[in-house]
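Colleague: one predicted model, sequence on top.
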Amino acid sequence: MPEERRKVEAKIKQLLKELSVAQQCSLSEISHYGYTLSFVRKTPEGKLAVVQMDDAAITIDEEGEIDHNSNIKIRR
């Protein structure tokens, strides 16, 4: 396994630890469609998981609610 892939997997594993159980369940559901966890943003309302597939980004709040119409901006 290439070293870079191991680093990515370690980063994702660390990010998963930051998620609530509800977020982990929602992420599990949508990962079947090809979405992957990109990062976790801390907001005044709580942690927000940002999940991406290609150019599409969606968010999952701490209650596990998935927002397919998120207005989050992703820098490239």
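Modeller: Received, thanks.

Colleague: Three-state assignment for the residue nearest the centre of the chain, please.
Modeller: Central residue of the chain (C-alpha atoms, centre = their mean): Leu37, 3.0 Å from the mean position. The three-state label given to Leu37 by DSSP: H, G, I helix; E, B strand; the rest coil is strand.

Colleague: quick one, what contacts it?
Modeller: Residues near Leu37 by C-beta atoms under 8 Å, 6 or more residues apart in numbering: 12, 15-16, 19, 27, 49-51. From N, CA and C alone the C-beta is placed, and that goes for glycine too.

Colleague: which residues of the chain score low on pLDDT?
Modeller: Within the chain, the segments meeting pLDDT under 70 span 1-3, 76.

Colleague: go with 80
Modeller: Of all residues in the chain, those with pLDDT under 80 make up the ranges 1-9, 73-76.

Colleague: strands of that one, start to end?
Modeller: All strands of the chain, identified by DSSP state E, fall at 36-43, 46-53, 56-60, 66-67.

Colleague: so which of the ones you listed is the most surrounded?
Modeller: Each of the strands of the chain was given a mean neighbour count from mean count of other C-beta atoms under 10 Å, and the largest, a mean of 19, is that of strand 56-60.

Colleague: what packs against that one?
Modeller: In this structure, strand 56-60 packs against helix 21-31, strand 46-53, strand 66-67, with contacts taken as 3 or more C-beta pairs under 8 Å, 6 or more residues apart in numbering; DSSP states H and E.
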